[in-house]
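Participant: show me the folded form of this:
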Amino acid sequence: MVWLDSDRQANVERLVCRDCNTATQPDELILTREKLRAGPPDILFTTTEMLNQRMADSQIGRLFGINTSVHQKPAMVLLDEVHTYSGITGAQVANVLRRWKKASGAKPHFVGLSATLSDAKRFFAQLTGVSDFRVEEVSPHPSEMNRQGVEYMMAVLGDPSSGTSLLSATIQTAMLMRRVLDTQSERYSRGLYGTREFVFTDDLDVTNRLFFNLRDAEGQNGWGRRDATKPEGSLANLRDSARPESDLRFRFGQSWKICEEIGHELNTNALLRVDRTSSQDVGVGANSDIIVATASLEVGFNDPEVNAVVQHKAPRDVAQFLQRKGRAGRRTEMRPWTIVMLSGYGRDRVAWQSYDLLFAPELPPRDLPTGNRYVLRMQAVYAFQDWMAAQLRKTPGLPPGSIWQDFAAPPSEHVSKKPGHARARQKAEARIVEALLTRDIGLEDLRNYLQSALQQSAEVIDMLLWEPPRSLMTAVLPTLLRRLETEWRFSGSASFGRRFDYFVPKNPLPEFIPATLFSDLNLPEVNIVTPAQTRSDDELDSRLPLLRAVKEFAPGRVSRRYGIHHQHVRHWIAPPDLNPEPQKFLPISNWMSQHDELGEFQFVVDGVTQSIRCVRPYEIRPDQPPSQISDTSNSFLRWQTQIAPAFQGMEGMLPLIPRWEAIVKGICFFTHNANCQVEVRRFARSTDSLIVMKNGQKFETRIEFVDDPPGCDSGGTEHSPTPVAVGFSIEVDGVAFRVHLPDELHLGDSEESSVKLRSLRTAFFRDRVLGDAGLDGIANWFQRQWLAEIYCSALIHAAIVSGVALESVWASQGKSSEVSLDFQTVLSVIFQSISTSQDNATGDGNDAAPDIRDEVHQRLFNDLATLLAQREVQEVLHRHASTLWQIPDDSWRAWLRRKFKTTLGSALIEGVQQLCPDLSADDLTLDIDSGPRPSDVPPVPNDMEEIWLLEKTVGGGGIVETFLHRYGEDPRRFFDLVEAALNPGDFEVVDDQLTILLGWLNDPSDSSVRDQFSEVRNASSVSHQAQANSFEQLIRLLSQRGLFVCHSVVAAIASRILKPGSTPATDQLLLDLIADWQRLEQRLGIDIDLRIIAYLNSNTDRLDRSLASIVGDAVGIDPRQWRFGALTSMLWPRGNSIRGRKLDTYNPFVKLPDADCELVRDCLGGGPFIVSLADADWREQVVRRLVCDNAVTLLGNAESLSNLRLAILDLMAQPVDVGLLLLHPRVRSVQRHSGNIEVTFELAEGVQ
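Facilitator: Numbering: from 1, shown residues only. Predicted structure coming up:
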C-alpha cells in the first residue's frame, strides 16, 4: 500500500495497493496529524510514551478524550503484551494511565492481552488502577486445551577445545537450522517446518558481530551480496555430499546430507538472505531466511513462516525467553525448534546443568511498584504539567501549544518554531507558578488533583510536595519559575560564558523527569563520537550510560556496537603501542577527549591508604582498529570502590532474635529524603587487556592510566608518569548492615559439617589458583579456571581408580617438576571429546579418520596441555592441592570471611526482595568492601564489618525508602525472610527429592510408584493426552506419598527420570550411580564433579543394557563417548556446583565469591524448639513453647502429610492464651530435610 504523490498534493488521504489498485477511503485511515486534530478517529493506535507527552497538549490532547464531550471520550483501551510493563517502567505506565483517567474524565473498559502472566488479575488491577474485584481474567479452561503438534528444544554447549568462540558455534547452528527447514521454492513439508529462522541476542555489539560474521560465513559481503573473494560461497557448501570423504563425515556427525534431501543446495548457486532487526535498523525483510534480532522482535511480530529460534547465551528473563520461543510455530500444525547456545561459564553453565528448568521455567508473579517514591516524584511532575494544562484552558486568548514543549526550552529554541506564541504561554505559566509559591493560590486545588490523579493518600502527596529530594514546592517549581521568568538566561557572572541555563529541547525539567518513561533519571552518561561509516555519512554522535561506555570502550577492546552499515566498521581505544609488554601507560587524553575532575579518591594497597586523582569521562572518540587486530581483542577494567557516607545514618531497630544477635549488630539507613545520602565512588586505575592479532598471535598487558606519557622533561631528566583513575561519583540511597563475623564457622567433624567442608574445599582450591600471583603473565582468568578444574579432576580420578586417598595420590607425585597425573584423559572428559581408540577402528580403509579425530584437540586443548607441562604452573597447582583434604586453618580465614559476608549480603538482598515484592532487588548492588573512609567521614565502629546494599539510581530510586518503611512495620519478619533465603534452593531440593523418589522406585516392598511410572512410559506410545493424564496421576500419587512436587522437581522427573528410552533398569542405574557418588565423596572428603562420575561409568555397557533401545551411528563409532554424554544428561548437578546458586549476586565492579548458605545458616543456631508430631502431647508442647518463646517448630514425616495438615489447621484455628490476650499462631516457614517436614509457628504479636 502506498500514498500516491498526486493524492498527497491534493490533500487526499488514502492508500493504494500497487498490485491490484485497491484503495482505502479517505475516512477509513487517517495519515496526517492535521486530520487527526480536525477529527478524532474511532480507533487510535498510540503508545504510552506519546500519551504521557501529549496529554498536556491543547490540540493533541483532544485525541485522548481530554477537554471533549462525554460521547467523544474513549470507551475502551486495549493494552497488548501487558507483561512487558514490569518493574519501574511498568509503574510509570500504570501512573500514566491513572493520570489520563483523571485528565480526561473517561471511564473506559480496559482489556489486556498476554500469554506469559501468572496471577494476571492482580497484576492488571495494579496496572490500570482499578480494584481487583472489577477485573475478570478470561483464559481457557484446562479441559478446553487441545494437545497438538510437537516442539523440539535443544541446549547446545560450545566446544571450548576448538578455541573458537560461542559466537562461531551460534553461526554454524544458525546455518544448519535454516537448512533443515523448507526451501523458499519447494515446501516439501507443506508448511510443517516453515522457511524462516530468528536468532536472538541481548547485546548490540554481539548482534552486529553475529550479523556480519553470519553473512561472511554465507559467502556474502557486508551488504548481503555475493563476495567475489569467496568463490566457494557459503561455508555450508563444504558439507556437500559430492565432496570427498562424505561417508566418513556422516559417521562422525559432520554430514549435512539431510539438508540436501530436504531440497537445499550445498553449492555456489545457493544464497541465503541474512537480515537484522534491532533498535539501530528496524523492520523485517519480507524474503529473509535468517533474521538476527534483539528484544525488538520478541513481541508483537507473528510470522507464520518462522519455525526455528536460536537464543545466543542463557536467557536473562523467563517471560522474555518464552516470548522469543513463541515466535516460532505460529501455525498449530508446525513443529518448531528452540535452540539455546551456551558456554561453559557463569549463568550459561548453570543453565546447561539444569536444562530441565531452562526449557520448563516457572513464571513468577509480577508486582508493579506503583507506590515507589522514586516513580511518584517523577509522576508528580508529570501530573503537575497535566494540572497546568487544565489551568491554561481557563485563560482566554492563549495560543495553542504543549506544556511539554513550554517547560523544555526558551522561546527562541522552542520546537514549535513560534517564539511569540511560546513566550505568551510561558508568561501565563509563570504567573500560575508564582501564585502557587508565594501566595498559595491554587495549592489546595493542586494537592487534590495530585491525590486523585496518582491515587495516593494525602500524606504521600504532602511528601511529594514538600519533602526532599526533588519535591515540587521546594525544588521543581522554583527551578521552573526561574527559567520561565528569565527565558532560561543567565545573569551576571554565573553564566560561565554560556548563553542559556541547562535545557534539553524535548525534555522538560531534565533534572526532575527523564525524556522517556523507560529512561533513568540523572544517569551519568558519556558522549560517544564515532567516525563516519561511509563517504556520505557524518560522525555518529550518541550517548551511553557511563558504566556501559567505559566497559564498551575500555582501552584494547574492539567493539562492534556501532558497526551498523558494513562488516568493516568497528571501534576501539588503542593501547599506547602493539608491543607485547606486560605493562603499558596510557595518557587519559588518548582515551577521552573531554572529562570532568572528581578530586582525590582513596584506596588501599598492602594495608596502606593512598590517594589518586580521578576523572569522569564526558566524551570518548574511538578510532578504527588496525586491520591486523582481531575482533576478539578484549579488555576489563580493574574497578575499586570507596563508600563515603556523609552522616551516621538512621539507626534501625533490631528485633530480639537470639540467633541473629551475635552476627548483626546494627542497621543504618541512608536516604535523600532524610538528608543523609551516601556518596559512592567507583574508579579504575588500570585495565587488563588481551590484544589478539588476526594471524593468531596475542599478548596480555596491564594498561595503567596516567596524566602524561613517560619520558623526559625539557632538561633530559626521566620522569615517572603520574597515575590517574577513571570513574564516577554518585549520591544514592543505601543500607549498611554492621556485622560481627563469628570466629567459629562450624567446620568441625559432624556429618553436616563434613558435607559443607567437602564443598568448601573444592571452592577454596579453585579460588586460590585463580588468585595466585605466580600465574600472572602465564595464564589468564579463564585458563586458571580450567587448570584448577583439570588438576582437581585428575587428582580425584586417580584416587578413585587406585582406591587410595587424595593425599596419597598427591604425595606419590613427590617434589619433582614432573606431574604424572593423567591430564590427557581429564582434558578429554572435560571437553567431552573422548578420543576414539584404535580398538574401534573399522579397518575399512578410511585412513583419514585419525586426522578428523585430531581436529577436536586444538588451540585451547593444546594451550592447556602446554600450561600443565610448565614447571611454574605445576608448582602452583601442587602447592594449593593440600587444601583439598586438610582441615581449615588460619590461611582460610580471609577467604571464609569474604564468603560469609557475600552469602549474608545476598540473603539480605533476597530478604529485601521478599519484603518488597513490588520492587526489583536487581536495582541494588551488594558491596562487602567499602574501601577506606575519607578523613571527613565517620569511621566504621571498632570490631565491625559492613555489608552495604546500595541503589544504582542517582538521587534515590525509592527502594531503600520503601524497605525502611516496611522494615519498621515488622523487623522480625525481615530477618525471618533473610533466614528463609538461606534454606536450600531449587537445585538442592531437586537433588534431595529425586534421590528419595529413586528409593521408592526401587523398593521391592512397594510397587505403587513403580507401577505408575510404567503406566506413564506405556502411555507415551498411545497419545499426548494419554501421557499427560497418566503423568498428572503420577504427580498426585507422589504428592500423597509426601514428595515435594514443586515445579523444579516435576520438570526434573519428566526430563531426567522419565526421558524417552528410560526403563525400570535405568531407574535402578540412577539410584546406584547416586549411591556410589555419595560414597566416593564421603571417602575422599571432597565434592566430585558430575562429569567424573559419568566418565567412570562410561567404561561399561550397563547403560546400554538398561535402555529400551539404542539407535544411531554414534554408539557404534565410540560407545564410551556416547555413554558419557547420555549419563551426563541423566544425572543432575549436586554439591559445590549448586550450593548457594539461589543467592547468586552480581556486582559489576568486583567478582564476589560464590555464596554458601550453610556457612551462614550453621552459625545462626538457637532456632525454635522442635516438637515431634509423633509425641503424644505434641500440642501441649507447642502451646507451651509459643507462650514462652513466641516460636516453635513442629516436625512431621513426609509420608504422613494428612496428619501434619490436620495439625497445622488445628494450631492456626485455636488461639493461644498468653495471659491477657488470645493470639492465633501463624506459619513462619516450611522446610524439608531428608523426608522430614519442619513447620515453624510464631506469634506475630510477640516481642520484637
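Participant: to the chain's geometric centre, what's the distance from stretch 1129-1137?
Facilitator: Put simply, stretch 1129-1137 sits 22 Å off its chain's centre (C-alpha atoms, centre = their mean, to the nearest Å).
Participant: okay, strands next: where are they in the stretch 301-450 of the chain?
Facilitator: In the stretch 301-450 of the chain, the strands defined using DSSP state E, counting those that start in this stretch lie at 306-312, 337-342.
Participant: ah, wrong one, I meant the stretch 601-750 of the chain
Facilitator: Counting by DSSP E, counting those that start in this stretch, the strands of the stretch 601-750 of the chain are 608-620, 634-645, 650-651, 664-670, 678-692, 698-706, 711-712, 718-719, 725-732, 734-739.
Participant: out of these, which comes closest to residue 153?
Facilitator: strand 634-645 (31.3 Å; C-beta to C-beta). In this view, the C-beta of every residue, glycine as well, is placed from N, C-alpha and C.
Participant: on that earlier part again, which of the strands of the stretch 601-750 of the chain comes out lowest on mean pLDDT?
Facilitator: Lowest mean pLDDT within the strands of the stretch 601-750 of the chain: strand 711-712, a mean of 60.
Participant: returning to what we had before: highest average neighbour count across the strands of the stretch 301-450 of the chain?
Facilitator: Each of the strands of the stretch 301-450 of the chain was scored by mean neighbour count; the highest is strand 306-312, a mean of 26, by mean count of other C-beta atoms under 10 Å.
Participant: what does the host helix or strand of residue 1186 contact?
Facilitator: According to DSSP states H and E, residue 1186 maps onto helix 1178-1189. Residues from elsewhere that reach helix 1178-1189 (C-beta atoms under 8 Å, 6 or more residues apart in numbering): 1168-1169, 1171-1172, 1175, 1191-1192, 1194, 1207, 1210-1211, 1216-1218, 1225, 1241-1243.
Participant: swap in 10 Å and give it another go.
Facilitator: 658, 1168-1173, 1175, 1177, 1191-1196, 1207, 1210-1211, 1214, 1216-1219, 1223, 1225, 1241-1243, 1246 (C-beta atoms under 10 Å, 6 or more residues apart in numbering).
Participant: now a PyMOL select for only the buried ones of those.
Facilitator: Buried residues among these (16 or more other C-beta atoms under 10 Å), as a PyMOL selection:
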select buried, resi 1168+1171+1173+1191+1192+1193+1194+1195+1196+1207+1211+1216+1218+1223+1225+1241+1242+1243+1246
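Participant: I'd like to know how far the residue most central in space within the chain sits from residue 276.
Facilitator: The centre of the chain sits closest to residue 316, judged by C-alpha atoms, centre = their mean, with a distance of 3.9 Å. Relative to residue 276, residue 316 is positioned 20 Å away (C-beta to C-beta, to the nearest Å).
Participant: same question for residue 484.
Facilitator: Distance from residue 484 to residue 276, by C-beta to C-beta: 45 Å.
Participant: ok, now residue 415?
Facilitator: For residue 415 relative to residue 276 (C-beta to C-beta), the value is 32 Å.
Participant: give me the more crowded residue out of these two.
Facilitator: Using other C-beta atoms under 10 Å as the criterion, residue 415 and residue 276 rank with residue 276 on top: 25 against 15.
Participant: quick one, phi psi at the more buried one?
Facilitator: phi -140, psi 140 (degrees, to the nearest 10).
Participant: from residue 641, how far off is it?
Facilitator: Residue 276 is 38 Å from residue 641, by C-beta to C-beta.
Participant: what's the answer for residue 779, then?
Facilitator: Taken as C-beta to C-beta, the span from residue 779 to residue 641 is 27 Å.
Participant: what part of this structure, helix or strand, is modelled with the least confidence?
Facilitator: helix 849-854 (a mean of 37; mean pLDDT, DSSP states H and E).
Participant: that older thread, which one is the residue nearest to the centre of the chain nearest to, not counting chain neighbours?
Facilitator: Distances taken as C-beta to C-beta, 6 or more residues apart in numbering place residue 202 nearest to residue 316, at 6.0 Å, with adjacent residues excluded.
Participant: how is the closest residue to residue 810 other than its chain neighbours assigned, secondary-structure-wise?
Facilitator: The shortest distance from residue 810 to any residue other than its chain neighbours is 5.3 Å, reached at residue 881 (C-beta to C-beta, 6+ apart). Classification of residue 881 by DSSP: H, G, I helix; E, B strand; the rest coil places it in helix.
Participant: contacting residues around residue 881?
Facilitator: Contacts of residue 881 (C-beta under 10 Å, 6+ apart): 765, 768-769, 791-792, 795, 806-807, 809-810, 813, 821.
Participant: that one and residue 792: what is the separation?
Facilitator: Taking C-beta to C-beta, one finds residue 881 at 8 Å from residue 792.
Participant: next, show the common contact partners of the two.
Facilitator: Contacts common to residue 881 and residue 792, judged by C-beta under 10 Å, 6+ apart, are 765, 769, 806.
Participant: reformat those residues as CSV; add secondary structure, pLDDT and distance to residue 224.
Facilitator: Formatted as CSV, those follow (DSSP: H, G, I helix; E, B strand; the rest coil; pLDDT from 0 to 100; distance: C-beta to C-beta, whole Å):
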residue, secondary structure, pLDDT, distance to residue 224
765, helix, 94, 50
769, helix, 95, 47
806, helix, 91, 57
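Participant: nearest to residue 624, of those residues?
Facilitator: Among those, and counting by C-beta to C-beta, the member closest to residue 624 is residue 769, at 38.4 Å.
Participant: count of residues packed around the closest one?
Facilitator: 25.
Participant: try the one 4 residues further on
Facilitator: Close neighbours of residue 773, defined as other C-beta under 10 Å, add up to 7.
Participant: swap in residue 1174?
Facilitator: Residue 1174 has 11 neighbouring residues, counting by other C-beta under 10 Å.
Participant: give the helix, strand or coil label for it.
Facilitator: The local conformation at residue 1174, judged by three-state DSSP, is coil.
Participant: may I see the strands of the stretch 301-450 of the chain arranged in a markdown table, with distance to residue 625 and mean pLDDT as well?
Facilitator: Converted to a markdown table, the strands of the stretch 301-450 of the chain look like this (distance: least, C-beta to C-beta, whole Å; pLDDT from 0 to 100):
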| stretch | distance to residue 625 | mean pLDDT |
| --- | --- | --- |
| strand 306-312 | 23 | 95 |
| strand 337-342 | 26 | 95 |
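Participant: thank you, goodbye.
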